[in-house]
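Student: quick one, structure for this:
(2 chains)
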Amino acid sequence: MEHAQVTFEQVEANGEPNRPLEFPSPIVGRGVRVNALVVDSNTGSRKVWSGVIHREDLGMSPASQKGGGGSADNMNTQFVAYAPHKRLQDAIYGSVWACVVLRRHRGVAADDAARAARVEPGSPHAPIVWETTNSYVAIKMIEWARVHHMRGRLLEDPIKEVAAMQLIGGSNPHVLGPIEVLQDDEYLFTVMPYCSGGDLFGVVVKYAEESGGEIGMPEPVARFWFRQILLVSYIHYINAVIYYIILYYIILYIYEKSITFVLLIHLFYYPQHHIIL
Amino acid sequence: MQSVGVCHRDLSLENVLVSNENCLIIDMGMCLRVPYSDPTRQGNVTDVTRGTIRRLIKPQGVCGKHNYMSPEIFANTNAFDGFSIDLWAAGVILYIMLTGFPPYDQASQTDQRFDLIVNGNLIRQLESWDIRLSQDAGDLLQSMLQVDPRDRLTLAEIMAHPWVTTGEIIQPPPLEPLPYY
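Tutor: Numbers count the residues shown, from 1 in each chain, chains lettered A, B, ... in the order given. So this is what the prediction gives:
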């Protein structure tokens, strides 16, 4: 807890100013972009979706290669792909897209595709057919060409960004870092949880428009968002690998400082909180 | 066990994505990993995991958006506290949420609005534009937007401030799901 309490004077008195530390190298998997047959789970219709992104070694995790006998469930969880759906915003080196999460389809469409490829339906050599889920992710797609072109000219560093996200996300499933990070020869793909509400700037603009002038949001709404930001900053400071250690400290802190229970309630109430910092 | 001490350097309303009841901070390309004193080798630094106090960071260039930038980053002359600059930006975020516009264009005394704010006139300036915040809100903003980082509230103090701890909280209504096609 003490990181949040330490004053500037204490930091200043603690020793000489230093350079920031290096981030550990990011872990980046090999990815591919393909045109894939996708079944819409809601309507049953099929279409070829271009630019579907997934790991290169689908279903070829070290475990399934060695034993050859991963359970069907295990095999299925490794078959995840992302279908770009809507461009959300431009980034310095590329853009951010909302993508539909796909899983492997095991139905008629897959059998048809197998027969068309002249293999037995269900055979490991059958072409992969995907189906839509109702989940979305946001994928930041960064063009290597632009990164190399701008190298050294900007303070913003996409590799460092991935490293920072992975460091912060760590192995804690509740304080999310990137879901996965993939690259091919043209792009770096950072797969992140998708937030459907846009950015907070948009929320402020909406309030201003509705009230017909330059005015902010009511204080109780601002209080809600500001507390959320503090919560994130808080985790930022104390980010521990184990979520429950954070909880424990927050409980202690609340008792010590008589802070209201709201933070605590948020943590209990939304244990799958999608927060990174 | 690995803990993390990272400052963002580019906090802004645009970099906070919102979902129904939570938020996600993005654009971490300017993050810095804050140095901490090394307890075993005097004078050296290490990461946050050793439970020591952090160090100031030597100037790292002017970066971030001018509307949110702290005066010490704009000046780029003195060593800064990585967490204090993020809390300054959080103060600007709160200012914009409450008023609908940014407090200044440039974090230097040559910017008249900035100069008034850091000289203790934040509330009076808003009142002259007919914007009235609650007393607690005004006090919190003024205590976060102090030109000298020594005078600013720490995160713990912000979290214990009456505006944050008391008063009504309204959770925004659920958002429309993204349409498929």
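Student: can you give me the offset of the longest helix anywhere in chain B from its chain's centre?
Tutor: The longest helix of chain B (DSSP state H) is helix B:82-99. The gap between where helix B:82-99 is centred and where its chain is centred comes out at 3 Å by C-alpha atoms, centre = their mean, to the nearest Å.
Student: other SSEs contacting it?
Tutor: helix A:200-210, helix A:219-238, strand B:6-7, helix B:71-75, helix B:135-144, helix B:155-159 (3 or more C-beta pairs under 8 Å, 6 or more residues apart in numbering or on different chains; DSSP states H and E). Placement of C-beta: from N, CA and C, glycine included.
Student: let me see the mean pLDDT of it.
Tutor: Averaged over helix B:82-99, pLDDT sits at 95.
Student: following that helix, which helix or strand comes up?
Tutor: Using DSSP states H and E, the helix or strand that directly follows helix B:82-99 along the chain is helix B:112-116.
Student: what lies in contact with that following helix?
Tutor: With C-beta atoms under 8 Å, 6 or more residues apart in numbering or on different chains as the test, helix B:112-116 has contacts from B:71, B:103-109, B:122, B:124-125.
Student: now those residues: which count as buried?
Tutor: Using 16 or more other C-beta atoms under 10 Å in any protein chain shown as the burial test, those include B:71, B:103-104, B:107-108, B:122 as buried.
Student: pretty sure residue B:111 sits against residue B:117.
Tutor: No. In this structure, residue B:111 is not within contact of residue B:117 by C-beta atoms under 8 Å, at 9.2 Å.
Student: need the three-state assignment for the spatially most central residue of chain A.
Tutor: Chain A has residue A:192 as the residue nearest its centroid, 1.5 Å off, counting by C-alpha atoms, centre = their mean. Assigned by DSSP: H, G, I helix; E, B strand; the rest coil, the conformation of residue A:192 is strand.
Student: what sits against it?
Tutor: A:137-140, A:165, A:176, A:178-179, A:276, B:24, B:26.
Student: please apply the same query to residue B:37.
Tutor: A:14-15, B:44-46, B:50, B:52-55.
Student: same deal with residue B:150?
Tutor: A:7-9.
Student: and what of residue A:199?
Tutor: Per C-beta under 8 Å, 6+ apart, neighbours of residue A:199: B:13-18.
Student: for residue A:124, see how far away it is.
Tutor: Using C-beta to C-beta, to the nearest Å, one obtains 44 Å as the distance from residue A:199 to residue A:124.
Student: and for residue A:133?
Tutor: Counting by C-beta to C-beta, the gap from residue A:133 to residue A:124 is 23 Å.
Student: the more surrounded of those two?
Tutor: residue A:133 (12 against 9; other C-beta atoms under 10 Å in any protein chain shown).
Student: ok, back up a step: give me the buried entries from the contacts of residue B:37.
Tutor: Buried among those (16+ other C-beta under 10 Å): A:14-15, B:45, B:52, B:54-55.
Student: helices along the stretch 51-200 of chain A, start to end?
Tutor: A:62-67, A:72-78, A:108-116, A:144-150, A:158-169, A:200-210 (DSSP state H, counting those that start in this stretch).
Student: mind listing what the strand ranked longest in chain A pairs with, with the direction of each?
Tutor: Looking across chain A with DSSP state E, the single longest strand is strand A:130-143. Using DSSP bridges, strand A:130-143 pairs in its sheet with strand A:29-39 (parallel), strand A:94-104 (antiparallel), strand A:187-193 (antiparallel).
Student: before we move on, back to that, could you dump the contacts of helix B:112-116 to TSV with distance to chain A and pLDDT?
Tutor: Below are the contacts of helix B:112-116 laid out as TSV (distance: C-beta to the nearest C-beta, whole Å; pLDDT from 0 to 100):
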residue	distance to chain A	pLDDT
B:71	13	98
B:103	12	97
B:104	15	97
B:105	15	97
B:106	18	96
B:107	17	97
B:108	19	95
B:109	20	93
B:122	14	97
B:124	18	96
B:125	14	96
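Student: is it fair to say residue A:217 lies in a helix?
Tutor: No. Under the criterion used here (three-state DSSP), residue A:217 is coil, not part of a helix.
Student: which outside residues touch stretch B:61-71?
Tutor: Residues contacting stretch B:61-71 (C-beta under 8 Å, 6+ apart): A:155-156, B:9-12, B:14, B:30, B:73-74, B:76, B:80, B:84-85, B:88-89, B:92-93, B:102-108, B:114, B:118, B:147, B:149.
Student: any of those residues buried? List them.
Tutor: Buried among the contacts of stretch B:61-71 (16+ other C-beta under 10 Å): A:156, B:9-12, B:14, B:30, B:73-74, B:80, B:84-85, B:88-89, B:92-93, B:102-104, B:107-108, B:114, B:118, B:147, B:149.
Student: show me where chain B dips below the pLDDT cut-off.
Tutor: B:1-3, B:20-22, B:174-181 (pLDDT under 70).
Student: try 90 this time
Tutor: Counting by pLDDT under 90, chain B has low-confidence residues at B:1-6, B:8, B:14-31, B:42-43, B:47-51, B:156, B:167, B:170-181.
Student: what of the stretch 151-277 of chain A?
Tutor: A:151-180, A:192-217, A:225, A:227-277.
Student: quick check: domain ranges of chain A?
Tutor: A:29-193, A:200-269 (automatic domain parsing).
Student: ok now the longest one, how far from the chain's centre?
Tutor: Right, the one you point to is domain A:29-193. 12 Å.
Student: now the end-to-end length of that domain.
Tutor: 18 Å (C-alpha to C-alpha, to the nearest Å).
Student: kindly export the longest strand of chain A (C-alpha atoms) in CSV.
Tutor: C-alpha atoms of strand A:130-143 as CSV (Å, rounded to 0.1, in the frame of the first residue of the first chain):
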residue,chain,number,x,y,z
TRP,A,130,-14.9,-21.4,-38.2
GLU,A,131,-18.1,-20.2,-36.5
THR,A,132,-18.9,-16.9,-34.9
THR,A,133,-19.3,-16.4,-31.1
ASN,A,134,-21.0,-13.5,-29.5
SER,A,135,-17.7,-12.3,-28.1
TYR,A,136,-15.6,-9.4,-29.3
VAL,A,137,-12.0,-8.5,-28.8
ALA,A,138,-10.1,-5.3,-29.8
ILE,A,139,-7.0,-5.9,-31.9
LYS,A,140,-4.4,-3.2,-32.3
MET,A,141,-2.8,-3.9,-35.7
ILE,A,142,0.6,-2.2,-36.1
GLU,A,143,2.4,-2.1,-39.4
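Student: ok and that strand relative to helix A:108-116, angle-wise?
Tutor: 80 degrees (axes from the mean of the first three to the mean of the last three C-alpha atoms, to 10 degrees).
Student: buried ones in strand A:130-143?
Tutor: Those would be A:130-132, A:136-143, for strand A:130-143 by 16+ other C-beta under 10 Å.
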